[in-house]
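Engineer: generate a structure from the sequence data that follows.
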Amino acid sequence: MALTPQDIGRIANLARLELTPSESERMLTQLNGFFDIVEKMRAVDTSGLTPLAHPVAAIQDVALRLREDVASEPNQRETNQKSAPAVERGLFLVPKVIE
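Structural biologist: Have a look, this model is predicted:
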């Protein structure tokens, strides 16, 4: 998949970026280079391979340092919501911005 200069212009517009022609050309080259790398990676047959838990696991044993998933902070919901302009049933109320 190769991008065109028009694609770069549309992406820049969506991102609210003002690109000079040289910046736009450089961005086009970089993004197309990225997509070329992705296409090369997709061309590799990975069927039958199991995913690694860690990228280094392919060359050496890695012991993952996992910790227990426990809450370590006390519940301070009421304290944190004291400064909120509007709260209802423990939830912050915000103005509707999308119709």
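
Engineer: how far away is the most centrally placed residue in the chain from Asp36?
Structural biologist: Centroid check for the chain by C-alpha atoms, centre = their mean gives Ala15 as the closest residue, at 15.3 Å. Going from Ala15 to Asp36 by C-beta to C-beta, to the nearest Å gives 22 Å. In short, each C-beta sits where N, CA and C put it, glycine included.

Engineer: with Arg77 instead?
Structural biologist: From Arg77 to Asp36 the distance is 50 Å (C-beta to C-beta).

Engineer: just checking, what packs against the longest helix along the chain?
Structural biologist: With secondary structure taken from DSSP state H, the chain has its longest helix at helix 21-43. Applying 3 or more C-beta pairs under 8 Å, 6 or more residues apart in numbering; DSSP states H and E, one finds that helix 21-43 makes contact with helix 5-14.

Engineer: next, the buried residues of the helix it packs on.
Structural biologist: For helix 5-14, burial by neighbour count (16 or more other C-beta atoms under 10 Å) applies to Ile8, Ile11.

Engineer: the nearest residue to Pro5 once chain neighbours are set aside: neighbouring residues, count only.
Structural biologist: Nearest residue to Pro5, sequence neighbours excluded (C-beta to C-beta, 6 or more residues apart in numbering): Leu28, at 6.1 Å. Neighbour count for Leu28, taken as other C-beta atoms under 10 Å: 19.

Engineer: shouldn't Leu28 be in contact with Ile8?
Structural biologist: Yes - under the criterion of C-beta atoms under 8 Å, Leu28 makes contact with Ile8 at 4.9 Å.

Engineer: need the overlap of contacts for the two.
Structural biologist: Among the neighbours of Leu28, none is also in contact with Ile8 (C-beta atoms under 8 Å, 6 or more residues apart in numbering).

Engineer: where in the protein is pLDDT low?
Structural biologist: Across the chain, not a single residue meets the criterion (pLDDT under 70).

Engineer: in it, what residue sits furthest out from the centroid?
Structural biologist: Outermost residue of the chain (C-alpha atoms, centre = their mean): Lys82, 32.4 Å.

Engineer: against Val44, how distant is the residue nearest to the centre of the chain?
Structural biologist: Ala15 is 31 Å from Val44, by C-beta to C-beta.
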